[in-house]
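Chemist: here is a sequence with its predicted model. Questions after.
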Amino acid sequence: MGSLFRIADACGAEEVVCMGRTPVPPNPQISVTSLGNHRRIRWRQTVRHDDAIRDLREEGCQIVAVEVAEGAVSFREFEYAGKVCLVLGSEKRGVYPNVLSQCDGAVIIPMAGKRTFAQRGGRWSYRRL
């Protein structure tokens, strides 16, 4: 998670939304890997995925999964609209099917080597800038 805070800060993201059992600050591992960026980026934690998606929609966000899924398109070809919330799943299981079904779309990010959620988030952010 610390590296995602660094990526979020680098690309000008407004917020990081952590769901479920995702570690949040002041977790010592986040403090070390974020190099202090966790103090510059607003964050919130929501226990239920459904609640987070509902809240983000009410805030005007388009919900986009970063996942190899049926109907997913290249992140370069997807039509983003206004505020975007990227959904990054767990490294072992990806985006849960019930969460994926609530997304406005899914994008694929070609990766070489091991695919971690931080790498996917970083690559998408770099290309979108």
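Modeler: Great, that's in hand.

Chemist: contacts, neighbours, all on C-alpha from now
Modeler: Fine.

Chemist: what's the domain layout of this structure?
Modeler: Following automatic domain parsing, the chain resolves into domains at 1-47, 59-129.

Chemist: do you know which of those domains lies nearest residue 53?
Modeler: domain 59-129 (7.5 Å; Cα to Cα).

Chemist: where does pLDDT dip in the chain?
Modeler: 112-129 (pLDDT under 70).

Chemist: burial of residue 102, as a residue count?
Modeler: Using other Cα atoms under 10 Å, residue 102 has 15 neighbouring residues.

Chemist: list the contacts for it?
Modeler: Contact analysis of residue 102 by Cα atoms under 8 Å, 6 or more residues apart in numbering lists residue 53.

Chemist: how far away is it from residue 52?
Modeler: Distance check for residue 102 against residue 52: by Cα to Cα, to the nearest Å, it reads 11 Å.

Chemist: spatially nearest residue to residue 71 (excluding sequence neighbours)?
Modeler: residue 106 (7.1 Å; Cα to Cα, 6 or more residues apart in numbering).

Chemist: in what helix or strand does that neighbour lie?
Modeler: strand 105-108 (DSSP states H and E).

Chemist: centre of the chain to that strand, how far?
Modeler: 12 Å (Cα atoms, centre = their mean, to the nearest Å).

Chemist: show me where this protein has its helices.
Modeler: Here the chain has its helices, by DSSP state H, at 2-11, 28-34, 49-58, 97-100, 117-128.

Chemist: just send those back as TSV, with mean neighbour count too.
Modeler: Output for the helices of the chain, formatted as TSV (neighbours: other Cα atoms under 10 Å):
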stretch	mean neighbour count
helix 2-11	20
helix 28-34	16
helix 49-58	15
helix 97-100	14
helix 117-128	16
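
Chemist: mind putting those helices into TSV with distance to residue 71?
Modeler: Output for these, formatted as TSV (distance: least, Cα to Cα, whole Å):
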stretch	distance to residue 71
helix 2-11	26
helix 28-34	33
helix 49-58	20
helix 97-100	11
helix 117-128	18
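
Chemist: out of those helices, nearest to residue 79?
Modeler: helix 117-128 (11.7 Å).
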